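Student: I'd like to go over a predicted model; first the sequence, then the structure.
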Amino acid sequence: MAALSVALFFLGIFLYSVYRTLWYGIGEWGLNKTVGWAWDITNFVWWVGIGHAGTLISAVLLLFRQKWRSSINRAAEAMTIFAVICAAMFPVLHMGRPWLAYWVFPLQNTFGSLWANFNSPLLWDVFAISTYFTVSLVFWYTGLVPDFATIRDRAKGPIAKVAYSLLSMGWTGSAKHWSRYETVSLILAGVSTPLVLSVHTIVSMDFATSVVPGWHTTIFPPYFVAGAIFSGFAMVLTLMLITRVVFKLEDYITIEHIALMNKIMMITGSIVGVAYITEFFIAWYSQVEFEQYAFINRATGPYWWAYASMMTCNVITPQLVWIRKVRYSIPLTFILSIIVNIGMWFERFVIIVTSLHRDYLPSSWAMFSPTRIDIGIYVGTLGLFFTLFLLFAKFFPVINMAEVKTILKYTVDNGPTYTGVDPHAHAIHHESTTHGVPANAPVNYNKHD
């Protein structure tokens, strides 16, 4: 309740800031004639990046049959959906006339032209992100159906029973239902996997297809995808470490899960570091003075502190994960996950603002500073995100119960024991009065295994 109160307070700030933006216009933001994109698009790209890890954990790891995904994929999928909702707010608000947002969709010709400008990657974003959101939502809900049925069968209140009965869509747990569930999950995972690459690739093309120095570069698509996975895994760690403690899920979200996610974060962080170095090399190798100045200005210009923060948080700090004690330390992992997300926000800020504020024409150079409405909308989306996540944790199962059951190994005396990846995980005792075969053992139980 304390966490929800804080989240609702920030959600109130968000609603007030949106009201000011819609009533008084974009002039409430700190944008100017030179810096036409700033906090709004920075936050948009940051939130889309955070949403990446959910689909990656769910889809790619399912296709590769990685058992360690089962403890973290449910919360990661929910995080994707809530992050995409937060991301979608910014382009709509930045339109200035959000009541005309429907123009980006394919319309009948009586409304005018079919699309405003389909050559623009900004329009491609609409299709990429809406597809990503729809597939992620269906994937998340499909995985929830067996668990909703479990809750339905144990619900005591009449409202809860009716609600979970509707959500479970008549699930009985029959062989036919499980067969269809497995098939649909694999199909959705196969559809989702290309989306992991396509969504942030298209977001990067918003910049790479322009002629602005610092943006016009071919390294952006893979660099943005790696950065998105990097920030997404960091946010999953932040949320799961809190959830692990609050819901006492130490037996399911093990230290080994955390170490594996740390390794992925370290690898993607290193890829991002290589991309930063490559950008400098290409700027030097191009011998284009505008491109060279854009990168020198990033590192030594008026926004040098943002560049220094980005390099420290994204490149230097994740290298601590090479140390085993850091990799297996929960407090250090939690701090590291927050540092990474701060660094990834600064990365987007550096790419957008430092490339725009000093363009080709020195007479139009300008500085950007956020207004309280800018800050209010960003902080407010954090409130929206955590409000949605806390409500999800309250009413929905944060662990995929149906999938975790499939990797529980039954012992003769103690019932099921978690044997996903951590050999030192504690045994989870189920109520069983009979020795030998546990009462809740699966049908194909073999006591000689």
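Tutor: Yep, it's here.

Student: Put the alpha carbons of stretch 325-339 into PDB.
Tutor: Output of stretch 325-339 as PDB, limited to C-alpha atoms (Å, rounded to 0.1, in the frame of the first residue of the first chain):
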ATOM      1  CA  LYS A 325      30.900 -11.700  -5.800                       C
ATOM      2  CA  VAL A 326      29.200  -8.800  -7.600                       C
ATOM      3  CA  ARG A 327      27.400 -11.100  -9.900                       C
ATOM      4  CA  TYR A 328      26.000 -13.100  -7.000                       C
ATOM      5  CA  SER A 329      25.300 -10.200  -4.700                       C
ATOM      6  CA  ILE A 330      21.600  -9.100  -4.500                       C
ATOM      7  CA  PRO A 331      22.200  -5.500  -3.100                       C
ATOM      8  CA  LEU A 332      25.000  -4.800  -5.700                       C
ATOM      9  CA  THR A 333      22.900  -6.200  -8.500                       C
ATOM     10  CA  PHE A 334      20.000  -4.000  -7.500                       C
ATOM     11  CA  ILE A 335      22.200  -0.900  -7.400                       C
ATOM     12  CA  LEU A 336      23.800  -1.800 -10.700                       C
ATOM     13  CA  SER A 337      20.400  -2.300 -12.400                       C
ATOM     14  CA  ILE A 338      19.300   1.200 -11.400                       C
ATOM     15  CA  ILE A 339      22.700   2.700 -12.500                       C
END
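
Student: what comes up buried for it?
Tutor: For stretch 325-339, a neighbour-count test (16 or more other Cβ atoms under 10 Å) marks 326-327, 329, 332-334, 336-337, 339 as buried. Glycine gets a C-beta too; all of them are placed from N, C-alpha and C.

Student: Any idea how far it is from the middle of the chain?
Tutor: Remark: stretch 325-339 is offset 19 Å from the chain centroid, using Cα atoms, centre = their mean, to the nearest Å.

Student: do the same with stretch 150-168
Tutor: Per Cα atoms, centre = their mean, the displacement of stretch 150-168 from the mean C-alpha position of its chain is 29 Å.

Student: cool, and stretch 248-259?
Tutor: Distance of stretch 248-259 from its chain centroid, counting by Cα atoms, centre = their mean, is 20 Å.

Student: cool, stretch 4-11 as well?
Tutor: On Cα atoms, centre = their mean, the centre of stretch 4-11 falls 20 Å from that of its chain.

Student: re earlier: and the buried residues of stretch 325-339, which is closest to residue 92?
Tutor: Residue 92 lies nearest to residue 337 out of the buried residues of stretch 325-339, by Cβ to Cβ, at 28.8 Å.

Student: secondary structure element for that closest one?
Tutor: helix 330-349 (DSSP states H and E).

Student: Please name every helix or strand in contact with that helix.
Tutor: Applying 3 or more Cβ pairs under 8 Å, 6 or more residues apart in numbering; DSSP states H and E, we find helix 330-349 packed against helix 39-50, helix 220-246, helix 255-286, helix 304-311, helix 324-327.

Student: quick one: which of those is nearest residue 97?
Tutor: Across those, residue 97 has its closest neighbour in helix 39-50 (14.8 Å, Cβ to Cβ).

Student: Name the next helix or strand downstream of the closest one, please.
Tutor: Counting by DSSP H and E, the next helix or strand C-terminal to helix 39-50 is helix 52-55.

Student: List the contacts of that next one.
Tutor: 73, 76-81, 83, 132, 135-136, 139, 192-193, 195-196, 199-200, 225, 228-229, 231-233, 235-236 (Cβ atoms under 8 Å, 6 or more residues apart in numbering).

Student: returning to that earlier point: mind picking the two most distant members of the buried residues of stretch 325-339?
Tutor: Greatest spatial distance in the buried residues of stretch 325-339: 327 and 339, 15.0 Å, computed using Cβ to Cβ.

Student: how far is stretch 142-155 from where the chain is centred?
Tutor: With Cα atoms, centre = their mean, you get 25 Å for stretch 142-155.

Student: any idea of the mean pLDDT in stretch 22-31?
Tutor: Stretch 22-31 comes out with an average pLDDT of 88.

Student: who touches that stretch?
Tutor: Contacts for stretch 22-31 (Cβ under 8 Å, 6+ apart): 20-21, 37-40, 93-94, 96, 98, 368-371, 373-374.

Student: Recalculate using a threshold of 7 Å.
Tutor: Residues outside stretch 22-31 that contact it (Cβ atoms under 7 Å, 6 or more residues apart in numbering) are 20-21, 38, 40, 96, 368-371, 373-374.

Student: From these, list just the buried residues.
Tutor: Neighbour counting by 16+ other Cβ under 10 Å classes 20-21, 38, 40, 368, 370-371, 373-374 among the contacts of stretch 22-31 as buried.

Student: Lowest-confidence entry in these?
Tutor: residue 38 (85).

Student: which residues touch that residue?
Tutor: Residue 38 sits next to 30-31, 352-353, 368 when contact means Cβ under 7 Å, 6+ apart.

Student: For the residues you listed, could you give me CSV that also reports secondary structure and distance to residue 270?
Tutor: Below are the contacts of residue 38 laid out as CSV (DSSP: H, G, I helix; E, B strand; the rest coil; distance: Cβ to Cβ, whole Å):
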residue, secondary structure, distance to residue 270
30, coil, 34
31, coil, 34
352, helix, 24
353, helix, 25
368, coil, 30
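
Student: ok, which pair from those residues is furthest apart?
Tutor: 30 and 352 (12.8 Å).

Student: Neighbour count: these two, which is higher?
Tutor: Per other Cβ atoms under 10 Å, whichever of residue 30 and residue 352 has more neighbours is residue 352, with 26 against 18.

Student: Identify the residue spatially nearest to residue 334, adjacent ones excluded.
Tutor: residue 241 (4.9 Å; Cβ to Cβ, 6 or more residues apart in numbering).

Student: still on that earlier bit, can you redo the contacts of residue 38 as a markdown table with distance to residue 14?
Tutor: Listed next are the contacts of residue 38 as a markdown table, based on distance: Cβ to Cβ, whole Å:
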| residue | distance to residue 14 |
| --- | --- |
| 30 | 17 |
| 31 | 19 |
| 352 | 21 |
| 353 | 22 |
| 368 | 21 |
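
Student: low-scoring pLDDT stretches of the stretch 101-250 of the chain, where are they?
Tutor: Within the stretch 101-250 of the chain, the stretches with pLDDT under 70 are 108-109, 112-116.

Student: Let's see that with 80 instead.
Tutor: 103-118, 247, 249-250 (pLDDT under 80).

Student: can you map out the helices along it?
Tutor: For the stretch 101-250 of the chain, the helices defined by DSSP state H, counting those that start in this stretch occupy 121-154, 158-168, 175-208, 220-246.

Student: Mind putting these into a markdown table with distance to residue 360 and mean neighbour count?
Tutor: A markdown table is the format used below for the helices of the stretch 101-250 of the chain (distance: least, Cβ to Cβ, whole Å; neighbours: other Cβ atoms under 10 Å):
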| stretch | distance to residue 360 | mean neighbour count |
| --- | --- | --- |
| helix 121-154 | 21 | 18 |
| helix 158-168 | 56 | 14 |
| helix 175-208 | 16 | 17 |
| helix 220-246 | 20 | 23 |
